[in-house]
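> dropping a prediction and its sequence here:
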2 protein chains.
Amino acid sequence: MEKKRPFDCGVTRSMEVIGGKWKINILWAISRGEPIRFNQLKRAVQGITNVMLTRSLKELIAYNLVKKKDFNTIPPHVEYSLTEKGASLVPILRTLDQWGKKNL
Amino acid sequence: MEKKRPFDCGVTRSMEVIGGKWKINILWAISRGEPIRFNQLKRAVQGITNVMLTRSLKELIAYNLVKKKDFNTIPPHVEYSLTEKGASLVPILRTLDQWGKKNL
DNA sequence: CTGTATCCATGACGATACTG
DNA sequence: CAGTATCGTCATGGATACAG
């Protein structure tokens, strides 16, 4: 999802997670009220469409930052929550958040 | 240089700095050997072109993370170094770097 | 309710040549 | 040495309709 970068440093790899337009907000929305269902998430992340929410969640799950529980019912019922790895990223994002608010 | 984001959180604003393809590497190159001249920087950030280096530096200067000293000589001689603000970002990037290396 | 299938716009990124 | 001018490409993001 990211263009190729010159060096394979850790920040570069982290950017694959926080670099998209929605993924940070999705992570925060999940961390606030996990577990959370698809449509709750859609309401929490204002302005996001089905397409983008689905895409972003797939990536987050692929990175193992978010996990999905599917109840296999009809109508469908799924729940998203953070993995340990995902939870470990949140404090770092908060630091960045504070820096951004203070310095930009 | 970034697409509009849904919320104006600090991370979002920070992303304007670390979101580009080159800016992180430029920041690191400067922090390693400041002050540094244009062509030194170009060699340090492998693969970057004049165009992208100039563009990125302009943004970093606009955010007040990098400052430029122009000696106004012929041939030209300029030097780039980090501002305090820029220097304050580096440790955070290191944290992200470690997280990325460990978790991705 | 939780997605998928299409098709399209925009802008970040870049190759190349040129300049004071 | 330190840039600028042009012009092209392609990925990201999105609107809309539809499906199980």
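Structure's in. What do you need?
> rest of the way, CA atoms for contacts and neighbours
Noted.
> now the longest helix anywhere in chain A: buried residues?
Longest helix in chain A by number of residues, with DSSP state H as the criterion: helix A:84-103. Neighbour counts over helix A:84-103 (16 or more other Cα atoms under 10 Å in any protein chain shown) mark A:85-87, A:89-90, A:92-93, A:96-97, A:99-101, A:103 as buried.
> which among the residues you listed gets closest to DNA strand D?
Set against DNA strand D, the nearest of the buried residues of helix A:84-103 by Cα to the nearest atom of the strand is A:Leu93 (17.0 Å).
> correct me, but that closest one touches B:Arg13?
No: the criterion here is Cα atoms under 8 Å, and A:Leu93 misses it with B:Arg13 at 11.8 Å.
> got the residues of chain A near chain B?
Residues of chain A found near chain B (Cα under 8 Å from any Cα of the partner chain) are A:3-6, A:9-15, A:19, A:21-22, A:24, A:46-47, A:63, A:85, A:89, A:92-101, A:103-104.
> repeat the analysis, applying 6 Å as the threshold.
Residues of chain A lying close to chain B (Cα under 6 Å from any Cα of the partner chain) are A:Arg5, A:Gly10, A:Val11, A:Arg13, A:Ser14, A:Lys21, A:Leu96, A:Asp97, A:Gly100, A:Lys101.
> what is the lowest-pLDDT residue among these?
Of all those, A:Arg5 has the smallest pLDDT value, namely 72.
> residues contacting that residue?
B:Lys21 (Cα atoms under 6 Å, 6 or more residues apart in numbering or on different chains).
> what do you get if the cut-off is 8 Å, keeping everything else the same?
Each residue near A:Arg5 by Cα atoms under 8 Å, 6 or more residues apart in numbering or on different chains is listed here: A:Thr12, B:Lys21, B:Trp22.
> wait, a strand at it?
No: counting by DSSP: H, G, I helix; E, B strand; the rest coil, A:Arg5 is not part of a strand but coil.
> where does chain A have its least confident helix or strand?
helix A:10-18 (a mean of 93; mean pLDDT, DSSP states H and E).
> show me how far it is from its chain's centre.
13 Å (Cα atoms, centre = their mean, to the nearest Å).
> that one near DNA strand C at all?
No: against DNA strand C, helix A:10-18 shows no contacts by Cα under 7 Å from any atom of the strand, the least distance being 11.1 Å.
> next, the angle from the helix or strand that that helix is followed by to helix A:10-18.
Counting by DSSP states H and E, the next helix or strand C-terminal to helix A:10-18 is helix A:23-33. Angle, helix A:23-33 to helix A:10-18, by axes from the mean of the first three to the mean of the last three Cα atoms, to 10 degrees: 70 degrees.
> what are the contacting residues of helix A:23-33?
A:17-18, A:36, A:41, A:44-45, A:56-57, A:60, A:80-82, A:86-87, A:90, B:11.
> what values do phi and psi take at the residue located most distally from the centre of chain A?
Ranked by distance from the centre of chain A (Cα atoms, centre = their mean), the top residue is A:Ile74, with 26.0 Å. When read as degrees, to the nearest 10, the backbone of A:Ile74 gives phi -130, psi 120.
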